[in-house]
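**Q** need a 3D model of the sequence below.
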Amino acid sequence: MKKQPFRFWMTGCAAVLLASMGAQARDGRADERSAALRHSRYGLKETVLRLEASAQRHGLQVLAHVAAPQRLGDAGESLLIVFASAEGGTPVVMDRPGSAPQAPLALVVSARRPAGEADVSVPWADWAGLPEGVVRELTALPRLVDEALG
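**A** Residues are numbered from 1 along each chain as shown. Predicted structure coming up:
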């Protein structure tokens, strides 16, 4: 699906990133329209370490970790990992006027209780109108996750 953002910017601004991360952590975990869920046989902390190592092998640096707020009915904790683009900063997009900003170069990792494993929400879309390097990084995100969890 082609996804032309309403607004797009690259930022390292903490306030903008926190706003986008908060919205993503609350809303982005298992939205089948914008994310695919990958199961990890590893616990939350091990999954995060593996994702970070895989990201670094792909040229991405970790920009921030944010504890995702608990949602009603959630059994375990969640963590949002935001990556910095090699283009400088991290992409932030808004889908439509008034929508919450989202950081698409991010993963939500959720602990599964009582199994002791984790799930990773991987954003997907065919981003039109973004810089080529950012599109390449977004397209590589599912492969990066598969490599980390394999």
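
**Q** flag the shaky bits of the protein, pLDDT-wise.
**A** 1-34, 69-75, 124-126 (pLDDT under 70).

**Q** can you give me the helices in it?
**A** With DSSP state H as the criterion, the chain has helices at 14-27, 44-57, 132-149.

**Q** residue 112 pairs with what?
**A** Following DSSP bridges, residue 112 is listed with bridge partners residue 117.

**Q** can you get me a residue count around it?
**A** Neighbour count for residue 112, taken as other Cβ atoms under 10 Å: 15. Bear in mind the C-beta positions are built from the backbone N, C-alpha and C, glycine included.

**Q** that one against residue 120, yeah?
**A** No: taking contacts as Cβ atoms under 8 Å, residue 112 lies outside contact range of residue 120: 10.9 Å.

**Q** ok, now how distant is residue 56 from residue 147?
**A** 12 Å (Cβ to Cβ, to the nearest Å).

**Q** hmm, I typed the wrong one, I wanted residue 111.
**A** Residue 111 sits 21 Å away from residue 147, going by Cβ to Cβ.

**Q** neighbour count: the two, which is higher?
**A** Neighbours per residue, other Cβ under 10 Å: of residue 111 and residue 147, the larger number sits with residue 111, 20 against 16.
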